[in-house]
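Peer 1: Here is the input, now give the coordinates:
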Amino acid sequence: DQIVQVTRIQGDSMQPTLNAKTRTSDDFVLVRKAFYKPDRGDVVIAKSPTAPRELIVKRIIGLPGDTVMTSRTRGGYGMRRIPKGHCWLEGDNQMASHDSNSFGPAPLGLIEGKVIAYVGHLRGWAWYTR
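Peer 2: As a prediction, this is how the structure comes out:
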């Protein structure tokens, strides 16, 4: 298994954190895969719960046992308790993100690793800290 991996990310669901201000460029991120324990606020790469062959990049909002406020659900906002073995994932750009507000709590086992650095088309490279 890999310790770190370089992954290309596309789309605007994590703007302005990643792929800032342009839909025509992609960022590349360095992902720590080994020795990673998910934590609230981490930006992670995960397998999509709705399309397992695709990778998504999202921020961990809640962990098992947490209660989170949802958005964009049927009927508006609401509260949701995160079940054992799951987490709540959201994109920073809520208006353009297909995330837990759409697919519900995501299994922790889908998380591939934590984003630790990025290389942006317009910004060069930088270590990512939250």
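
Peer 1: Bridging across strands, which residues link to the residue nearest to Ile111 when sequence neighbours are not counted?
Peer 2: Using C-beta to C-beta, 6 or more residues apart in numbering and skipping residues adjacent in sequence, the residue nearest Ile111 is Ala46, 4.7 Å away. C-betas here are computed from N, CA, C, even on glycine. Beta-bridge pairing of Ala46 under DSSP bridges involves Ile56, Ile111.

Peer 1: I'd assumed Ile60 was in contact with Ala46.
Peer 2: No. In this structure Ala46 lies outside contact range of Ile60 using C-beta atoms under 8 Å: 9.3 Å.

Peer 1: quick one: the helices in the chain?
Peer 2: Secondary structure of the chain by DSSP state H: the helices cover 100-103.

Peer 1: What count of nearby residues applies to Arg8?
Peer 2: Residues lying near Arg8 (other C-beta atoms under 10 Å) number 10.

Peer 1: Quick check: pLDDT value at it.
Peer 2: On pLDDT, Arg8 comes in at 83.
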